[in-house]
Each structure stands twice: as C-alpha cells, then as structure tokens.
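> Need coordinates for the following:
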Amino acid sequence: MAVRHLASFLLFLLIALSTVPAQRSKAPPRRSPRQYPHVIVITLDTTRADRMGFLGSKRRLTPNLDAMAQQGVVFTRAYSHVPLTTASHTTIFTGTYPQFNHVNDFGVPLSPKLPYLADLLHQHGYQTGAFVGSLILDPLDGTAPGFDRGFDVYDAGFRLRRRGADRYQTVERRAEVVVNHALAWLSQVANKPVFLWVHLYDAHDPYDPPPPYKERFASLPYDGEIAYTDACVGKLLDALRKHGLYDESLIAVMADHGESLGAHGESTHGVFLYDETLHVPLLIKLPLNRGAGRRIDTRAGLVDVAPTILRAAGVALPAEMQGQSLLESMQAAGTNPSGSPVRGSAIVGSQQDRPAYAETDYPHRAFGWSALRALRAGKYLYIQSPERELYDQSSDPGETHNLADSSKAVAGTLASQLADFRDKTSQTLTSLARPDPEQMQKLQALGYVSSGANLAQDQKTLSGADPKARIEISNLLHDAMFDVEDARYEQAIPLLERALAAQPDMPVANLQYGLAQARLNHFDKAIAPLRKAVTLQPDNGMGHYELGLALFQTGDWKAASPEFEAAVARAPRWADAHFSLAAVYARIERVPDAMTELDSTLSISPDHYRANLLRGRILSLQGNMRS
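Okay, here's the model as predicted:
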C-alpha cells in the first residue's frame, strides 16, 4: 500500500493545524486530497469509562489503549448524549443532538439533510470504509438506515439468528473479525487519504469473551470483553504502525455509551441517564502525536467529535453541526509558550466547562413510562423525571443522594436551563419514521424492546410512570427476550409472566409471551396474549404476523387472513409476510390472490424456497407445467 511522504504531511500540519480557521463559515484553502490526514475512528460499544487504565482503572484491562493515550489527548469528562447505540453514533457522526437529528429510535432513517462525517470527508477526496460489529449498525439488513451514506465500503451483512445458529455468524461479529476485515480493506486502498470507522460490539451483553479471556475472566465476563477488545484494538494499531500510517493519522477512540451493571437497579443500559451509562472514554491522537500525553478535564461531549475531526482535516464545519471543535483546547494543551510540547500535565479549566445534555425516550417507547432528560452543569447532575433528581457529583459521584427536595432553587434553575437548551437545539429538519416489523425482530434479537409506535410530542413522552419505580420490569423483559432468542422458551415464560403480573398491558411483554408459547407449539395459549398485543398496539406489524401464524396453526385460516394482511400493509417489503398471506389465501380458496402474493414474495426474494415450492404446486394443480 502506497504511503505519503512525511515531508508533505509535515507541510500540511504547518498549514492546517497551526492556523485553524476561527469561523465555521470560512472555507479552508484548496488543497490536493494527498494533503489531508488519514482519519481512523474506533467506537467501542457499551464500554464504561471506569474500565480504562488511562482513566484511572487499576484492573489492567487496556494496555494498548493506555499506550495510545500516552501519544494522544485524553478527555477525562466526556459524555454520551443518549445511552443507545444507533442514536449515539448518529450524534458522533453528525455533530448534532438527538432532539435535532431525530434519530432517537432504532430504525429511524438518517436524514440526507443532516451533515454526516463520512459524506463530508468523501467529498474532499477521502476513501471511506466502515466495518461494524453488529446488526444494530447494519444500514441494509439492520436498524441503521442511511448510515452507509458517503462510504465506499460499508462492511456489515448481518442477518437474524435462527434456532441453533451461531450468534457470531448472524447478529454480531467478534472484534478480531471486524479488525481483520478493516485491515484487508486498508491493504487495497489507493494512495489517497483514508477515513476508516471500526465499530467493536463485544462489550455489549450477553457478555461472552472468547478464549483465553473467557477462562481468565470467568467471574467477570464484562471485563473479559473489555480486555479482548483492547487486544483487538492493539492489533489494528500495530498494523497501522507497520504500514507507516500511525504517526500521520488522526485516531479517535470513544465509547458510544457505557453499561449500568446493576447500578441504580438497571442491568444494562437505555433507561437511565447516570454516569455508568453516559460517562464514556474519549481519546484522540492527532497527527504526529501533537499534544501527546495531555489530559483535558473540562467537560466534552460526543457531539464534539465530528467538528473536531473536520477542523483537524481543514474541512469547513457545516452550519447545522451543534457540537464544538475540541482541537483548539487540544493544541493549547500540547504546547508551552515557546511552542514546544509539554508532556504529562492535565489541563483544568482551559476552556469554559460547558453543560452536557442527555436524553432517553427508550423508557416511554418500550414500556410506556416517562422519558428522561438530563443536564450536567457545574458540579451538578439534574434529571428531569416524574420524581426529579439532583446530585452533587463532587461529593456524591455515585449519584445516590437526591437533593431535589432540599435544594429546590438549584433544581429549578437547572430545570430551566435544560428546557432552554433543548428548545434552542431542537428543530424540525427531519420527520420521525418508524422501524418496520423486520427491524423490530432484529432489535429484539439484540435484547432491545421496540414498540414500533410513532413517538408523540415531547410533553407526552414525559408522561407515564417513573422508570426508577419500574426498572425491574425492564430487567426481566430484557432477560426473557434473550431467552426467547436462544430458544430457551421454558426459561423465558416465567420471567414474562412476572413482567405481565406487574404491568399487564405492556404490548411487547404480551407479544414475547405469545411468541414463546407458540414456539413451544402451545398455540391455544399463544393466541390470547398475541391478540392483546395487537389490540394494544394496532400498528405493530410483527404482532399481527405472529398472531396470524398462531391462528394458522390452529386451523383458523379465515381469522389468520386479516392478520397477515395487516402485516403486509405495514411492511410491504417483508417477503415472509407475503408468503404467509399467500399460504392462507390458498387454503381458503382465494387462489388468484395467493398467486399475486407469491409473485410479490418472489419479486422481493427470488430464491424464497417455500414460495417457489407453493407456486409450483399451484401451477401443477392447474395443469400449467411451464410457467
């Protein structure tokens, strides 16, 4: 692989990094694509800040990232803005908040009107490649539509896990596989600047590190996943060094969010907005290791990543980007008044300690509870919820003593600041879409609840039960859904029964309970909860589909027909739904309609085995042996 000469790259640094434009609207000087630095972004899914050695952990899990931190700039107080993978990555790559980009739900398309880092760099001559570790970020077969914009290569291609299939061959990939794919692509790219995104999903539950980490961390499998991921990051960094790309590249490593691990009662993430899920590692190594060893203690957000990368590359920031470039503070941290590097000291208060906003609509969308909003400002964390919360993080870093009642004036001030911030950063650029039933299936295969409901106005999402009082239901449902995915239906059923006893009208719990009973061939037991699920949530196409299957299996074909029709209406590109409707039409002597649905099935999936077989049988019975 051809590599640019260090001299030309040094010339670029003198121009681009020493004289950063002060205004966003000022266009950078015209340059050849060869003058841009390589950009490598590594996102670590579900990775807590307190597991990083470079952030003070004594667990010795991250030697490779710790070594890179000595050559880069560490942000000790970096925060995610939403504790969900797709939404957080949208913030990372668009430089906009969830309330602006509206990707606050799985399956919501990334609007082409939004600025997008890959697209912007591609327009400036970059070769762009994405290598992701999970179906959650698959733009074609997963729940991240539009994420492939601007990428020459987007390596995904995941699929639903069927019974008995290997998880790591279907819904996710091990970090080593992702890194190997990325390195194979790097070895073939032309002599042009590269933007490479590598997403490593391993720390997401279920925690199942490969050998030897599985044995070494038998009692702490989450830590084993972190250690394994760090080793794979080390392999990627070593390859960059071997090919002469490491020193001249900008390399940004961050987590999209963290993991609760039982803190505040939450097993995983998505519901709460405490530090366990929002305080994330953020490490940026500049070209030629500029600012090496710096630690910046002022607050930063993932919304700032894209503006920082664009500034470092000398690309003008789009006006729509809401984050701020961190490059100026990184450069200030890296030099003393003489201009020479200063190593080993932290920078505290080198710029204004900006508030950090966060939100989650997941409790409302998944369970009908209240959504949450949060603002970290000064020494306080304020959480807007039915029972509002205020924590002094300087004296209570575990966020265990709620001061909202005893410090009402502070809570009121922060509530007002939060409302003002959200008003200023919200807009109507994009329309909110809904995930289709196939996307919902894929989300549930990864342990997420997806109601498919169209979110109402913001004030309505803030209504409902306080998630703090219901978190055990979320944990039960999460575990039950993994049991269903792994075909452990007998284990799932009592968990779902407990969840339904606590909240009988939860659509997704009824759906999962009915699905588990159906998979055990208890179709008579499945029909009532499935019918309740679609009654509570008429737009849930997957619920209609599963109810149709159960009715079909009991021989009630006429009742199954409208359920399959509803599924097809809500997901016109769902091949299995069209086939099931064709099968039931054939049973109730609507053969022409059956053939129409079979044609629709095969137009979507020409190799659909059962559709070809049924179509052939119908033609044979009609005496048509040639069609």
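
> Can you tell me the closest non-neighbouring residue to E565?
Nearest residue to E565, sequence neighbours excluded (CB to CB, 6 or more residues apart in numbering): L581, at 6.3 Å. Bear in mind the C-beta positions are built from the backbone N, C-alpha and C, glycine included.

> I'd like to know how far the one you found sits from L551.
According to CB to CB, to the nearest Å, L581 and L551 sit 13 Å apart.

> and the two? which has more neighbours close in?
L581 (29 against 24; other CB atoms under 10 Å).

> A helix includes the more buried one, no?
Yes: the assignment for L581 by DSSP: H, G, I helix; E, B strand; the rest coil puts it in a helix.

> which ones are touching it?
Taking CB atoms under 8 Å, 6 or more residues apart in numbering as the criterion, L581 is in contact with 561, 564-565, 567-568, 597.

> 7 Å instead?
By CB atoms under 7 Å, 6 or more residues apart in numbering, the contact set of L581 is 564-565, 568, 597.

> Dump these to JSON lines, plus pLDDT, neighbour count and secondary structure.
Shown next, in JSON lines, are these (pLDDT from 0 to 100; neighbours: other CB atoms under 10 Å; DSSP: H, G, I helix; E, B strand; the rest coil):
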{"residue": "F564", "pLDDT": "96", "neighbour count": "27", "secondary structure": "helix"}
{"residue": "E565", "pLDDT": "96", "neighbour count": "17", "secondary structure": "helix"}
{"residue": "V568", "pLDDT": "92", "neighbour count": "23", "secondary structure": "helix"}
{"residue": "E597", "pLDDT": "96", "neighbour count": "26", "secondary structure": "helix"}
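
> Check which residues of the top helix by length along the chain are buried.
Under DSSP state H, the helix in the chain containing the largest number of residues is helix 221-242. By neighbour count with 16 or more other CB atoms under 10 Å, helix 221-242 contains the buried residues 221-237, 239-240.

> ok, and what's touching the next helix or strand after it?
Per DSSP states H and E, helix 221-242 leads on to strand 249-255 as the next helix or strand towards the C-terminus. Applying CB under 7 Å, 6+ apart, the contact partners of strand 249-255 are 37-44, 47, 65, 240, 280-287, 302, 305, 309, 312.

> So for A333, what's the pLDDT?
Predicted confidence (pLDDT) for A333: 49.

> wait, what's in contact with the spatially most central residue of the chain?
Residue closest to the mean C-alpha point of the chain, counted by CA atoms, centre = their mean, is T85 at 1.6 Å. The neighbours of T85, taking CB under 7 Å, 6+ apart as the test, are 45, 136-137, 256.

> Any regions of the stretch 351-500 of the chain where pLDDT drops low?
Flagging of the stretch 351-500 of the chain using pLDDT under 70 yields the residue ranges 351-352, 428-460.

> Which stretches in it count as strands?
Per DSSP state E, counting those that start in this stretch, the stretch 351-500 of the chain carries strands over the ranges 356-360, 372-377, 380-384, 389-392.

> Format the ones you listed as JSON lines; extra columns: mean neighbour count.
Compiled in JSON lines, the strands of the stretch 351-500 of the chain are given as follows (neighbours: other CB atoms under 10 Å):
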{"stretch": "strand 356-360", "mean neighbour count": "25"}
{"stretch": "strand 372-377", "mean neighbour count": "24"}
{"stretch": "strand 380-384", "mean neighbour count": "23"}
{"stretch": "strand 389-392", "mean neighbour count": "20"}
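
> Same list (those) but as TSV, adding distance to L121.
Below are the strands of the stretch 351-500 of the chain laid out as TSV (distance: least, CB to CB, whole Å):
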stretch	distance to L121
strand 356-360	26
strand 372-377	30
strand 380-384	35
strand 389-392	39
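
> Ok, which of those strands comes nearest L613?
Counting by CB to CB, L613 lies closest to strand 356-360 out of the strands of the stretch 351-500 of the chain; the figure is 45.6 Å.

> Give me the contacts around the closest one.
With contacts defined as CB under 7 Å, 6+ apart, strand 356-360 is touched by 79-83, 97-99, 270-271, 273, 278, 299, 301, 371-376, 421.

> swap in stretch 554-568?
Residues outside stretch 554-568 that contact it (CB under 7 Å, 6+ apart) are 437, 523-524, 541, 544-545, 547-548, 551-552, 574, 577-578, 580-581, 584, 587-588.

> Which ones among these map onto helices?
Per DSSP H, helices hold the following members of those: 437, 523-524, 541, 544-545, 547-548, 551-552, 577-578, 580-581, 584, 587.

> And the furthest pair within the residues you listed?
For these, the farthest-apart pair by CB to CB is D524 and H578; their separation is 26.8 Å.

> neighbour-wise, which of those two wins?
Neighbour tally, D524 and H578, criterion other CB under 10 Å: the higher count belongs to H578, 27 against 11.

> residue boundaries of the helices in the stretch 1-150 of the chain?
In order along the chain, the stretch 1-150 of the chain carries the following helices (DSSP state H, counting those that start in this stretch): 6-16, 63-69, 85-94, 98-101, 117-123.

> Can you spell out which helices and strands pack onto the last one?
Using 3 or more CB pairs under 7 Å, 6 or more residues apart in numbering; DSSP states H and E as the contact criterion, the elements in contact with helix 117-123 are strand 127-131, helix 305-313.

> Note down every partner strand of the shortest one and its orientation.
Counting by DSSP bridges, the strands paired with strand 127-131 are strand 153-155 (parallel), strand 194-200 (parallel).

> Just the CA trace of it, in CSV.
Only the C-alpha atoms of strand 127-131 are listed here, as CSV (Å, rounded to 0.1, in the frame of the first residue of the first chain):
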residue,chain,number,x,y,z
GLN,A,127,-11.6,6.8,0.5
THR,A,128,-14.1,5.8,3.2
GLY,A,129,-14.7,2.4,4.8
ALA,A,130,-16.9,1.3,7.7
PHE,A,131,-16.5,-2.1,9.5
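
> Lovely, talk soon.
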